[in-house]
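Colleague: Build me a model from this:
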Amino acid sequence: MKEYKEIGGVLYSKKTPVKKTGSWRYLKPAWNESKCIHCMLCYPKCPENAITLKKGKIIKRGKVNYDFCKGCGICAEICPVKCIKMVEDK
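Modeller: Sure thing, here's the model as predicted:
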């Protein structure tokens, strides 16, 4: 069994320690499924690997693991169709 997976030329280790890092976020990404073209540019750019995929696509309802998302906005900035919008985390 591989100890890593490759997505978009980026290697992700299965042995990386897991630490929840999203508790201080004040903005969070909101995903518009109807605009998304599944270009996958957001996934490898997320510094916390908080975007969830299934079969090479972002899963329905834009699943973001908010335990790890820091609200940095990289995903919204990199999106070519602007289907990710940063909103206030209440």
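Colleague: Provide a list of residues in contact with the residue sitting nearest the centre point of the chain.
Modeller: In the chain, the C-alpha nearest the mean C-alpha coordinate belongs to Ile51, at 2.5 Å (C-alpha atoms, centre = their mean). By C-beta atoms under 8 Å, 6 or more residues apart in numbering, the contact set of Ile51 is Cys42, Tyr43, Ile58, Lys63, Val64, Asn65, Cys75. Quick note: C-beta positions are derived from backbone N, CA and C, even for glycine.
Colleague: Apply 7 Å and report the result again.
Modeller: By C-beta atoms under 7 Å, 6 or more residues apart in numbering, the residues touching Ile51 are Cys42, Tyr43, Ile58, Val64, Cys75.
Colleague: Can you tell me which of these lies closest to Glu33?
Modeller: Taking C-beta to C-beta as the measure, Glu33 sits nearest to Ile58 out of the contacts of Ile51, at 8.2 Å.
Colleague: Next up, the contacts around the closest one.
Modeller: Neighbouring residues of Ile58 by C-beta under 7 Å, 6+ apart: Trp31, Cys36, His38, Ile51.
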